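Peer 1: Sequence first, predicted model second:
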Amino acid sequence: MAATVSETLLAWYDRHARDLPWRARPGAAPPDPYRVWLSEVMLQQTTVAAVKPYFAAFTARWPDVEALAAAPEDDVMAAWAGLGYYSRARNLVKCARAVAERGGFPATEADLRELPGLGAYTAAAVAAIAFGQRAVVVDANVERVVARLFAIEDPLPGARKAIRSAADSITPDRRAGDFAQAMMDLGATVCTARDPRCLLCPLAQACAARAAGDPARLPVKAPRKPKPLRQGRAFWIERDGAVWLVRRAGTGMLGGMRALPDDGWSAQGDGSADPPLAGAWECAGVVRHVFTHAALELSVLVQRDAPQPAGPGEWWPLDRIEEAGLPTLFAKAARLVRAS
DNA sequence: CATGCGTGGGC
DNA sequence: TGCCCAAGCAT
């Protein structure tokens, strides 16, 4: 009798699994749920290479969920700076506190799904990888592999239901966590988006898209909308070797992060608010930055020997600016000013 | 179900 | 260079 897809893929995984800091060896006992959860949240829409240093820093500083639960939210936000999608960091703290309160991570997909920041994907991934439960784990890699394997022609996101159903049909009862990671490894290293390496693929014989001749065509995706270009201004207010920093509102773009004061620019529109101080401003240059839904040209205006602006904020020492936890946009602005 | 939400790397 | 892409979630 021919081997099933999951048997073939697990045999491939036993030989070719990537060695990642949050991962157990194939077939070994499940890794620490805290490390699985933390890595999965960091990996949401984020590459392995970007995650690695953050995972190392977080686990060194907060070795377990109780330690993370006890951390001030601002410290976690600052430690997350540069990784993007900052609502993840806010939910990370909420989730850690909920888990510490209940005495540990729940072990079922349904209970994991109730935690802040755990959606369908992450709940299934943690259930399978950390707790050995059978769960249907569908991320963008799995969508691509499954769409090709079954030659699903319907465009995303409409095809989600069919893809999930097909993924369910090949998910094994045993080693569901290894199977999920194997699918993701296959998608990341072999069944890649642009140029699938079918000659290296353990599932090539079973792949309907390969049989049809053009696997790279799948999955079909809806066309994306054009990205508007926004203009904004940020204000660098310096005095006695310190710069004036504010904290952005808790939700929305760069929500909850430390920042330079600005003129109210957003993904929806250009900035128009007055500067936080009267007086003359010198333009240090323009930072170009691309967000998910808009590109931004941010003019950085400087005033030195300035009085303290009205409203909340803090003077941050320039020699410790790296520790402020500025998101990349404002880190770029800081580099621009300090280079000028 | 569509939209808002970061960032860096590859081609 | 500009575009696509990456282990999605909340609303």
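Peer 2: Looks like it came in fine.

Peer 1: what's the closest non-adjacent residue to A:A188?
Peer 2: A:N141 (6.0 Å; C-beta to C-beta, 6 or more residues apart in numbering). Yep, even glycine has a C-beta here, placed from its N, CA and C like the rest.

Peer 1: For A:E297, see how far away the one you found is.
Peer 2: Noted for A:N141: a distance of 34 Å to A:E297, by C-beta to C-beta, to the nearest Å.

Peer 1: out of these two, which sits in the more crowded spot?
Peer 2: Neighbour count, other C-beta atoms under 10 Å: between A:N141 and A:E297, A:N141 has more, with 21 against 15.

Peer 1: coming back round to it: give me phi/psi at the residue nearest to A:A188?
Peer 2: phi -60, psi -50 (degrees, to the nearest 10).

Peer 1: give me the element the residue of chain A found nearest DNA strand B is part of.
Peer 2: Residue of chain A nearest DNA strand B, by C-beta to the nearest atom of the strand: A:G84 (2.6 Å). For A:G84, there is no host helix or strand (DSSP states H and E).

Peer 1: number of nearby residues for the nearest residue to A:R113 once chain neighbours are set aside?
Peer 2: Distance criterion C-beta to C-beta, 6+ apart; nearest residue to A:R113, sequence neighbours excluded, is A:A123 at 4.0 Å. Neighbourhood size, A:A123 [other C-beta under 10 Å]: 23.

Peer 1: What spatial separation is found between A:A123 and DNA strand C?
Peer 2: Relative to DNA strand C, A:A123 is positioned 6 Å away (criterion: C-beta to the nearest atom of the strand, to the nearest Å).

Peer 1: which stretch of helix or strand covers A:A234?
Peer 2: Assigned by DSSP H and E, A:A234 falls in strand A:229-239.

Peer 1: That strand: what's the following helix or strand?
Peer 2: Sequence order places strand A:242-247 as the next helix or strand after strand A:229-239, per DSSP H and E.

Peer 1: how about the residues of the stretch 151-300 of chain A near DNA strand C?
Peer 2: Counting by C-beta under 7 Å from any atom of the strand, the residues of the stretch 151-300 of chain A close to DNA strand C are A:Q181, A:M184, A:D185, A:G187, A:A188, A:A193, A:R194, A:K221, A:R224, A:K227, A:V290, A:T292.

Peer 1: which helices and strands does whichever strand or helix holds the third one pack with?
Peer 2: Element membership for A:D185 (DSSP H and E) is helix A:176-189. The criterion is 3 or more C-beta pairs under 8 Å, 6 or more residues apart in numbering; DSSP states H and E, and the helices and strands that helix A:176-189 contacts are helix A:5-16, helix A:120-131, helix A:140-149.

Peer 1: go again using 10 Å as the cut-off
Peer 2: In terms of contacts (3 or more C-beta pairs under 10 Å, 6 or more residues apart in numbering; DSSP states H and E), helix A:176-189 is packed against helix A:5-16, helix A:120-131, helix A:140-149, helix A:160-170.

Peer 1: Would you indicate which residues of that helix are buried?
Peer 2: For helix A:176-189, burial by neighbour count (16 or more other C-beta atoms under 10 Å) applies to A:176-188.

Peer 1: Quick check, A:Q303 in contact with A:C283.
Peer 2: No - using C-beta atoms under 10 Å, A:Q303 is not in contact with A:C283, being 11.1 Å away.

Peer 1: higher neighbour count, these two?
Peer 2: Using other C-beta under 10 Å, the more surrounded residue of A:Q303 and A:C283 is A:Q303, with 21 against 11.

Peer 1: Tell me who's in contact with the more buried one.
Peer 2: By C-beta atoms under 10 Å, 6 or more residues apart in numbering, A:Q303 lies in contact with A:235-239, A:244, A:275-282, A:309.

Peer 1: The same query, at a cut-off of 7 Å, please.
Peer 2: Going by C-beta atoms under 7 Å, 6 or more residues apart in numbering, A:Q303 touches A:I237, A:L277, A:G279, A:W281.
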